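1. Structure for this input, please:
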Amino acid sequence: MRRLASRFPLYLNLIRWDRPAGWLLLLWPTLSALWLAARGFPGWHLVLVFTLGTVLMRSAGCCINDVADRDFDRHVKRTAGRPVTTGAVSVREALLLGAALALCAFGLVLTTNATTIVWSFAALAVTLAYPYAKRFVSMPQAVLGLAFSFGIPMAFSAVLGSDAVSPRAIAASVPPLAWLLLLGNLFWVLAYDTEYAMVDRDDDLRLGMKTSAITLGLWDVPVVMASYLVYLAIWALALVLYGVSAICYIAFIPALAQVLWHYRLIKGRSRDGCFQAFRLNHWLGFTVFAGIAVSYALP
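-> Residues are numbered from 1 along each chain as shown. Okay, the predicted model is just below:
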């Protein structure tokens, strides 16, 4: 126990406990989906399951990512001090911690229903695939987008699904609206993770890594801005089709203002500006969620 206590700060560093922006980016679209599926407050059980599950799976993903990238991270200034990269935490320790966190998240999923449990295996597969996509896919942010968006269909399944596990029941647990929201969220992830990739572009070029910032070249800023707009347009369309109260759309005004602020931060392509833009993104997700939650809270 004493040894575990002494290593606890290293484990917190490994899962980025001091950087909540990562799990907040996962949380807001997931909670938005929960509110939409339930047409209002979904109950504390599901809120806690998906909030804690988001934190746990993001933390597990950090463990897997740092193991996969340990030989590259030591050559990047921003990541050179990560515990696995420096050897402060062994590969075995990181994998065991990641597995324990994922199992805890799965335990939460077990309290929902069978269709959600089935969908959780697909979410896990995408999570495991992403760290290695950077070696083979020119736009690995698309894979991350799928991983960071899978809370949406799972949220709908948790509300609308059942304990039947037939293919028809599994498919019916996630309506077309959820897939439309997932598509829109993919563009948001592409936007903010391209900003993130712009921070390390010089290092990634030297190491031969594949990122959207490298693939897009001088089109990076225009594509980021277009992706933000497509994200908001698709979500606005989905909310219209779902019949959400018009009050919700007021939130899109400050959301668009944040997009303009992001342009000011990234247009010069400075490391600090791009990193600040990435770290501020969770406020955009919160703004959209707040609009949805308020629209159902008001009569």
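2. Output the below-cut-off pLDDT ranges for this protein.
-> Across the chain, the ranges flagged by pLDDT under 70 are 1-5, 299.
3. Which strand or helix spans the closest residue to Gly61 other than its chain neighbours?
-> Closest residue to Gly61 apart from its sequence neighbours, by Cβ to Cβ, 6 or more residues apart in numbering: Thr127 at 5.5 Å. (C-beta placed from N, C-alpha, C; glycine too.) Thr127 belongs to helix 114-133 when assigned by DSSP states H and E.
4. Next SSE downstream of that helix?
-> Sequence order places helix 140-149 as the next helix or strand after helix 114-133, per DSSP H and E.
5. coming back round to it: I figured the residue nearest to Gly61 hits Ile64, correct?
-> Yes - counting by Cβ atoms under 8 Å, Thr127 does reach Ile64; the two are 7.2 Å apart.
6. These two: which is more packed in?
-> Counted by other Cβ atoms under 10 Å, Thr127 and Ile64 do not tie: Thr127 has more neighbours, with 23 against 20.
7. which residues sit in contact with the more buried one?
-> Contacts for Thr127 (Cβ atoms under 8 Å, 6 or more residues apart in numbering) come out as 57, 60-61, 64, 147.
8. what number of residues lie near the nearest residue to Met139 once chain neighbours are set aside?
-> Computed as Cβ to Cβ, 6+ apart, the closest residue to Met139 that is not its neighbour in sequence is Ser212, at 4.9 Å. Using other Cβ under 10 Å, Ser212 is surrounded by 26 other residues.
9. In contact with Ser212, which residues?
-> By Cβ under 8 Å, 6+ apart, the residues touching Ser212 are 138-142, 190, 193-194, 197, 220, 223.
10. Need these in TSV (columns: distance to Gly53 and neighbour count).
-> As requested, these are arranged in TSV below (distance: Cβ to Cβ, whole Å; neighbours: other Cβ atoms under 10 Å):
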residue	distance to Gly53	neighbour count
Ser138	31	14
Met139	27	19
Pro140	24	23
Gln141	23	28
Ala142	23	17
Leu190	24	24
Asp193	21	25
Thr194	26	26
Ala197	26	25
Asp220	32	22
Val223	31	18
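11. could you dump these to CSV with distance to Gly22?
-> Putting the contacts of Ser212 into CSV (distance: Cβ to Cβ, whole Å) gives the following:
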residue, distance to Gly22
Ser138, 23
Met139, 20
Pro140, 16
Gln141, 14
Ala142, 18
Leu190, 16
Asp193, 11
Thr194, 16
Ala197, 15
Asp220, 21
Val223, 22
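12. contacting residues for the nearest residue in space to Val89 that is not next to it in sequence?
-> Nearest residue to Val89, sequence neighbours excluded (Cβ to Cβ, 6+ apart): Pro83, at 3.9 Å. The neighbours of Pro83, taking Cβ under 8 Å, 6+ apart as the test, are 10-11, 13-14, 66, 89, 94.
13. Repeat the analysis, applying 10 Å as the threshold.
-> 7, 9-15, 63, 66, 70, 89-90, 93-94 (Cβ atoms under 10 Å, 6 or more residues apart in numbering).
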